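Undergrad: mind folding the following:
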Amino acid sequence: MNAKPKVPFYYWPVWMILLALGLFVFYVLFTPVWMGIRLLSWLAERRNMESSGA
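TA: Just a heads-up that it's a prediction; the model follows:
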């Protein structure tokens, strides 16, 4: 069995930058979109309940 080669040093900053970019995309860009969709869904459901008389 052969030993694994060491990870080159320059992989670490690249990995950290990609990780930070991914966190930014999911938490800063996608969260408001998701919350907006949930808000629209909630408003539509509430409007539907009011119009049905329940």
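
Undergrad: next, the contact list for the most centrally placed residue in the chain, please.
TA: The centre of the chain sits closest to F26, judged by C-alpha atoms, centre = their mean, with a distance of 2.6 Å. When the contact criterion is C-beta atoms under 8 Å, 6 or more residues apart in numbering, F26 has no partners at all. In this view, the C-beta of every residue, glycine as well, is placed from N, C-alpha and C.

Undergrad: what does the model give it for pLDDT?
TA: Confidence at F26, expressed as pLDDT, is 94.

Undergrad: list the buried residues in the helix or strand harbouring L39.
TA: Under the criterion DSSP states H and E, the helix or strand holding L39 is helix 31-52. For helix 31-52, the buried set under the neighbour-count rule, 16 or more other C-beta atoms under 10 Å, is empty.

Undergrad: can you tell me the average pLDDT over it?
TA: For helix 31-52, the mean pLDDT works out to 93.

Undergrad: how far off centre is that helix?
TA: Its chain's average C-alpha position is 20 Å from that of helix 31-52, according to C-alpha atoms, centre = their mean, to the nearest Å.

Undergrad: again, but for stretch 15-32
TA: Offset of stretch 15-32 from its chain centre (C-alpha atoms, centre = their mean): 7 Å.

Undergrad: all set now, cheers.
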